[in-house]
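Peer 1: dropping the sequence and predicted coords here.
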Amino acid sequence: MTASLIFFVTYIGIALGRVPGLVLDRVGIALLGAIAMVVAGVLSVEEAVFAIDLPTILLLYALMILSAQLRLGGFYTWSAARLTRLLHRPRLFLLAVMATSALFSAILANDIICFAFTPVLALALLRTGLDPVPFLIGLAVSSNIGSAATIIGNPQNMLIGQLGGLDFGRFFLWCAPPAAASLAGSYLLLVFGYRHRFQASTPVATGTLSDAWPTFDPWQTGKGLGAAVVLVGLFLTPLPREISAIAVAGILLCSRRLKTRDILGLVDWHLITLFCALFIVIQGVSQGGLTSQIDSFLTRGGISLQNLHVLSAAAVILSNLVSNVPAVMLLVKFLDPSNPAQWYALAVSSTFAGNLILIGSIANLIVIEQAASFGLRLSFKEHAAAGIPITLLSLAVLLLWILW
């Protein structure tokens with residue numbers, strides 16, 4: 001009973017995003033839930049520690065170091081700046097932005113891609129007088145869609161890949177086709193929906209890109225890209241992914257120019273804390289038997305999360321209530337470890353769900369917040385007008401792929 005109460009209070013808090021009267025965010029709420037599980041005696045300290053899936057945390061941590069290497073080497077900003085050469089052909093520019101964002105997001109952190117690309121995109125759009133809305137939405141939705149294609153595309157995929165013991169190559173072969181089809185469909189929807197808004201108006205005088213973004217360094221960028229290629233190659237071998245990743249990350253830390261402090265300063269410790277806290281909360285409620293009770297209740301009602309269509313629908317709904325990482329953390333408890341298709345469907349559907357509304361994905365919020373610093377506003381309504389049909393199209397593609 002105690003475990004169930006802590007779980008429900010934690011997930012309601014995560015869904016609301018705050019606690020009235022306090023300045024707690026979702027990470028703080030999840031951490032308090034984990035603390036409550038230990039303080040209330042649901043889990044011992046040792047059980048709480050062992051509840052954390054260390055291989056998943058190591059993989060996440062190592063990939064953040066790789067992404068930090070590329071960011072400090074100026075690779076992201078340089079890539080975004082190169083794309084602006086196509087601004088005189090807005091539709092082609094949109095296609096290039098979406099394709100590049102999706103590709104990079106499949107290999108690197110999609111949140112970082114949005115963080116790096118948005119300032120360059122915003123400045124370029126202001127200088128040419130183009131309507132920023134279709135391009136900002138295109139950047140956000142493509143980063144989400146592209147990240148669905150691989151195990152390392154986003155945090156929830158890493159979690160699914162590790163807990164499900166999924167093969168990197170087979171994951172890609174199952175998840176990449178619906179991601180590619182959804183990306184193409186999303187581009188066509190944006191081109192059609194904003195067909196009258198691709199004409200340039202009066203340019204706006206702007207400053208230069210913030211000095212917070214390093215200039216392009218070919219050597220540091222080359223190290224990062226080389227490490228990424230090696231890492232993907234290692235992921236295709238039987239070696240444990242977390243061991244391969246942390247070994248490559250360790251090599252990157254051996255630098256004569258980039259300080260360890262600077263690299264580790266770009267690690268998303270909030271996200272790592274969220275993962276650790278949710279592992280503890282879910283272990284506490286599972287140990288109390290709530291997940292098996294929920295499964296039995298759904299089965300009696302004729303609803304089975306083993307059904308890929310039902311699972312996908314549940315992932316979309318729950319991801320937009322509590323965010324996709326907490327949603328996935330809960331839903332994996334209902335999956336069959338011997339049926340990889342369930343894990344694949346959860347990975348793709350929970351990621352596609354991030355495009356539905358503005359708050360459905362951290363990548364969306366990063367684009368909005370970064371653009372706002374340049375005076376570019378994208379409202380909840382504007383995002384939903386494109387995000388809802390894009391998500392419905394993406395889910396239709398996924399359901400057809402499941403049937404096929």
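Peer 2: The structure has been received and is ready for your questions.
Peer 1: quick one: secondary structure of the closest residue to Pro340 other than its chain neighbours?
Peer 2: When the adjacent residues along the chain are set aside, Pro340 lies closest to Leu166, with 5.9 Å between them (C-beta to C-beta, 6 or more residues apart in numbering). Yep, even glycine has a C-beta here, placed from its N, CA and C like the rest. Put simply, Leu166 is coil when judged by DSSP: H, G, I helix; E, B strand; the rest coil.
Peer 1: distance of Leu166 relative to Leu189?
Peer 2: Distance of Leu166 to Leu189, given as C-beta to C-beta, to the nearest Å: 30 Å.
Peer 1: what is the lowest-mean-pLDDT helix or strand in the chain packed up against?
Peer 2: Lowest on mean pLDDT, DSSP states H and E among the helices and strands of the chain sits helix 290-300, with a mean of 70. Here helix 290-300 touches helix 2-16, going by 3 or more C-beta pairs under 8 Å, 6 or more residues apart in numbering; DSSP states H and E.
Peer 1: list the contacts of the least confident helix or strand of the chain.
Peer 2: 3-4, 7, 285, 304-305, 330, 333-334 (C-beta atoms under 8 Å, 6 or more residues apart in numbering).
Peer 1: let's go with 7 Å and repeat that
Peer 2: Identification of contacts with helix 290-300 by C-beta atoms under 7 Å, 6 or more residues apart in numbering yields 3-4, 7, 285, 304-305, 333-334.
Peer 1: for stretch 82-100, same thing?
Peer 2: 79, 120-121, 124, 128, 130, 134-135, 138-139, 142, 183, 187, 190-191, 198.
Peer 1: the same query, at a cut-off of 8 Å, please.
Peer 2: Counting by C-beta under 8 Å, 6+ apart, residues outside stretch 82-100 touching it are 79, 117, 120-121, 124, 128, 130, 134-135, 138-139, 141-142, 183, 186-187, 190-191, 198, 200.
Peer 1: so which of those are in helices?
Peer 2: Filtering those for membership in helices, criterion DSSP state H, returns 79, 117, 120-121, 124, 128, 134-135, 138-139, 141-142, 183, 186-187, 190-191.
Peer 1: now do the helix or strand encompassing Phe50: distance to the chain's middle.
Peer 2: Assigning secondary structure by DSSP states H and E places Phe50 in helix 45-51. With C-alpha atoms, centre = their mean, to the nearest Å as the basis, helix 45-51 stands 27 Å off its chain's centre.
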